[in-house]
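J.: Please find the sequence and the predicted model below.
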Amino acid sequence: GNSVTQMEGPVTLSEEAFLTINCTYTATGYPSLFWYVQYPGEGLQLLLKATKADDKGSNKGFEATYRKETTSFHLEKGSVQVSDSAVYFCALSRSSGSARQLTFGSGTQLTVLP
Amino acid sequence: ETGVTQTPRHLVMGMTNKKSLKCEQHLGHNAMYWYKQSAKKPLELMFVYSLEERVENNSVPSRFSPECPNSSHLFLHLHTLQPEDSALYLCASSQDPSGGYEQYFGPGTRLTVT
């Protein structure tokens, strides 16, 4: 079956540090891959996505590249800010009938200190 | 109102109560989802509706009963819940199959069962 494995948190960084959150997946076929972010007290927001191998998704300074050879979709940011503190979820999509469904990783808590 | 809204945002109920969670999407999407988010566990997909028809039910206990009267509204009816049902319940919507498969989430209902 499909699954997503994320690095366990929590991750604590100083402002302007480099961020990497690892994500690997197991899936049949060619899933789309996503990173979602959840700020305290809120629902999940789509951060970025990639729909095929070698695609790079990017948004708000975050990037992730769909690597089929390593089945990975690692999230990176060159210089984090305090406002990036949140929980980050890696996810893949699969089809079921007429609806696409998401399989999520367990989430990685990021805290950025000033 | 824009996006996906959920009411109430917080709910405390006893094990013998009956209550309902409401979700409304203002995005013109054709698929809606219920997820359960418990501490330190991956998001669990509970129900999927596409074109108002339930397309998946992930072996959720019968004390949870979904209802999708139209493509914009989704309910989760709750009765005789257990303390382990305390969690954040998230609603999401998407446009399938043409919408790129990303899901848009509401802010969630924080449920506490006493």
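T.: On my side now, so go ahead.
J.: helix/strand/coil for the residue nearest the centre of chain B?
T.: Compute the mean C-alpha point of chain B, and by Cα atoms, centre = their mean the closest residue is residue B:34, 3.0 Å away. Put simply, residue B:34 is strand when judged by DSSP: H, G, I helix; E, B strand; the rest coil.
J.: now chain A, which segments are flagged as low pLDDT?
T.: A:95-99 (pLDDT under 70).
J.: looking at it, the residue nearest to the centre of chain B is touching residue B:66, isn't it?
T.: Yes: the pair residue B:34 / residue B:66 is scored as a contact, 6.2 Å apart, by Cβ atoms under 8 Å. (Each C-beta comes from the backbone N, C-alpha and C, glycine too.)
J.: any residues in contact with both of the two?
T.: B:46, B:47, B:74, B:76 (Cβ atoms under 8 Å, 6 or more residues apart in numbering or on different chains).
J.: now the third one, what's its secondary structure?
T.: Here residue B:74 is recorded as strand under three-state DSSP.
J.: Residue B:92 is in contact with that one, correct?
T.: No: taking Cβ under 8 Å as the definition, residue B:74 is not a contact partner of residue B:92, at 9.4 Å.
J.: okay, and the common contacts of these two?
T.: Contacts common to residue B:74 and residue B:92, judged by Cβ under 8 Å, 6+ apart, are residue B:32.
J.: So which residues of chain A form strands?
T.: A:3-6, A:11-14, A:19-21, A:23-26, A:33-38, A:44-50, A:56-59, A:62-65, A:75-77, A:86-96, A:99-104, A:108-113 (DSSP state E).
J.: Let's see the longest one as CSV, backbone CA atoms only.
T.: Put plainly, it is strand A:86-96. The C-alpha trace of strand A:86-96 is given here as CSV (Å, rounded to 0.1, in the frame of the first residue of the first chain):
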residue,chain,number,x,y,z
ALA,A,86,4.5,25.2,12.4
VAL,A,87,3.9,21.5,11.8
TYR,A,88,4.8,20.3,8.3
PHE,A,89,3.2,17.3,6.6
CYS,A,90,4.3,15.4,3.6
ALA,A,91,1.6,13.7,1.6
LEU,A,92,0.9,11.7,-1.6
SER,A,93,-2.2,11.4,-3.6
ARG,A,94,-3.9,8.2,-4.9
SER,A,95,-7.0,7.8,-6.8
SER,A,96,-10.0,5.9,-5.5
